[in-house]
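Q: give me coordinates for this.
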Amino acid sequence: MERRNFIRQTGLAGVLAAGAAPAIVHAQAAIRWRMASSFPKSLDTIFGAAEEFARQVSAMTGGKFQISTHPAGELMPAFGVVDGVQNGTVEMAHTAPYYFFGKDETFALGCSIPFGLNSRQMTAWMFEGNGLKLMREFYKTYNIINFPGGNTGAQMGGWFRKPVTSLADIKGLKFRIGGFGGKVIERMGGVPQNIPGGEIYQALEKGTIDAAEWVGPYDDLKLGFNKVAPNYAYPGWWEGGPQLDFFINQKAFDALTPEYKAIVEAAAAYAHVDMQAKYDGRNPAALKTLVSGGTKLFRFPKDVMELAFKESIAMYAELSDKNPHWKKVYADLSRFRADQNLWFRFAEAGFDDFMQAQKL
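A: Alright, predicted model coming up:
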């Protein structure tokens, strides 16, 4: 199952470089899979990663392997996809693993945790560190094998009816926030709400919630959050580098030939890179549009950030005491994060700090 073994055993890298599919692929029987997404079709960046994966699989198999993509709610609810894949209702899903921390907190480590890894560090942990190995050991208990399937990059901190100026503004705040960020907000006195992306606007508009986070400017502009909550926070400290995953039913994957398994891996890797490229390419113009339209940017106050960090680390220690799955994976991620933080301090942060002070 190791990614390097796929390429080495099948020679797929040379085949792709030559621009042709191997003859044995063309000889395979036609396969039809269904992929359930946790995202609405209107979000062409995040739902688009599923579509791109399906296109790549089709192209590399000469149309022999077709995967239909289905937005949240079409085959099953946004938060029902793990059950769907586990039970074999669908062969695969595209989702944010941290949506399912209610099943086991370890799911969050496969996506993003507050003050965790940024997107490059997450990819490094997955492919060069132990991340992919450890998460696959965990997902195996759910009859699932995962492939990294995109990253949004560091996210914004969400939309607020009133700006957050101090810790007092967090108390009682009804905040739509996904994943582990909600658990920390709760420890800080807020009231987290876990609402699918397609339902956030209505909740904000009706006043059911006071604030909401999603991803960043490109998606948020599409969803129209600026029309109902004009104050836009940064940074999204709970999502420094959230990774999406393709979850595949283990039995369905095991039934594939070695060639098709390699193609699935290659298509996922393509979609993984393509998704963040789209976000990085499209967010700047969207942010300019939002600000020119009246959106007010604000940075989370220092006391909010410091308490959020303190509560996050305390929560991780508590989880390590009671959840052995979490303890095993988090211990490895924590060590990796420390080394990455040290390295990025000298390279990336040094370069970025200088460049952001320049007039370009």
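
Q: can you map out the helices along the stretch 101-250 of the chain?
A: Ranges of helices in the stretch 101-250 of the chain, per DSSP state H, counting those that start in this stretch, are 106-109, 119-127, 131-139, 181-187, 200-206, 217-223, 250-254.

Q: now the ones you listed as CSV including mean pLDDT, distance to Arg299 and mean neighbour count?
A: The C-beta positions use only the backbone N, C-alpha and C, and glycine is treated the same way. Shown next, in CSV, are those (pLDDT from 0 to 100; distance: least, CB to CB, whole Å; neighbours: other CB atoms under 10 Å):
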stretch, mean pLDDT, distance to Arg299, mean neighbour count
helix 106-109, 98, 25, 27
helix 119-127, 98, 20, 21
helix 131-139, 98, 30, 20
helix 181-187, 96, 17, 21
helix 200-206, 94, 21, 17
helix 217-223, 96, 16, 22
helix 250-254, 98, 44, 15
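
Q: with distance to Asp83 added, can I get those in JSON lines?
A: As requested, those are arranged in JSON lines below (distance: least, CB to CB, whole Å):
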{"stretch": "helix 106-109", "distance to Asp83": "13"}
{"stretch": "helix 119-127", "distance to Asp83": "24"}
{"stretch": "helix 131-139", "distance to Asp83": "13"}
{"stretch": "helix 181-187", "distance to Asp83": "21"}
{"stretch": "helix 200-206", "distance to Asp83": "23"}
{"stretch": "helix 217-223", "distance to Asp83": "26"}
{"stretch": "helix 250-254", "distance to Asp83": "14"}
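
Q: go through these and name the closest to Gln66.
A: Judged by CB to CB, the one of the helices of the stretch 101-250 of the chain that comes nearest to Gln66 is helix 250-254, at 14.0 Å.

Q: tell me the helices and strands packed up against the closest one.
A: Helices and strands touching helix 250-254, by 3 or more CB pairs under 8 Å, 6 or more residues apart in numbering; DSSP states H and E, are strand 144-151.

Q: what strands line up against the strand it packs on, and which way round?
A: If you go by DSSP bridges, strand 144-151 pairs up with strand 243-249 (antiparallel).

Q: what are the contacting residues of the strand it pairs with?
A: 35, 46, 49-50, 53, 81-82, 85-86, 88, 90-97, 110-112, 119, 122-123, 126, 139, 143-152, 264, 268, 271, 275 (CB atoms under 8 Å, 6 or more residues apart in numbering).

Q: among those, name the buried ones.
A: Among the contacts of strand 243-249, those classed as buried by 16 or more other CB atoms under 10 Å are 35, 46, 49-50, 53, 81-82, 85-86, 90-97, 110-112, 119, 122-123, 126, 139, 143-152, 264, 268, 271, 275.

Q: where do the strands sit along the stretch 151-300 of the chain?
A: Taking DSSP state E, counting those that start in this stretch as the criterion, the stretch 151-300 of the chain contains strands spanning 158-160, 174-176, 191-193, 211-212, 231-234, 243-249, 296-299.

Q: can I get these in TSV with mean pLDDT and mean neighbour count?
A: TSV is the format used below for the strands of the stretch 151-300 of the chain (pLDDT from 0 to 100; neighbours: other CB atoms under 10 Å):
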stretch	mean pLDDT	mean neighbour count
strand 158-160	98	25
strand 174-176	97	21
strand 191-193	95	19
strand 211-212	97	26
strand 231-234	98	20
strand 243-249	98	26
strand 296-299	98	14
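
Q: mind putting those strands into JSON lines with distance to Lys288?
A: Listed next are the strands of the stretch 151-300 of the chain as JSON lines, based on distance: least, CB to CB, whole Å:
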{"stretch": "strand 158-160", "distance to Lys288": "17"}
{"stretch": "strand 174-176", "distance to Lys288": "25"}
{"stretch": "strand 191-193", "distance to Lys288": "29"}
{"stretch": "strand 211-212", "distance to Lys288": "22"}
{"stretch": "strand 231-234", "distance to Lys288": "13"}
{"stretch": "strand 243-249", "distance to Lys288": "26"}
{"stretch": "strand 296-299", "distance to Lys288": "11"}
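
Q: looking at those, which is closest to Phe225?
A: The closest of those to Phe225 is strand 158-160. By CB to CB, the value is 4.4 Å.

Q: distance between the closest one and the chain's centre?
A: Mean-position distance between strand 158-160 and its chain equals 19 Å (CA atoms, centre = their mean, to the nearest Å).

Q: list the helices and strands that strand packs on?
A: If you count contacts as 3+ CB pairs under 8 Å, 6+ apart, strand 158-160 packs onto strand 211-212, strand 231-234.

Q: these: which one's closest to Gly63?
A: Among the helices and strands packed on strand 158-160, strand 211-212 comes nearest to Gly63, with 40.8 Å by CB to CB.
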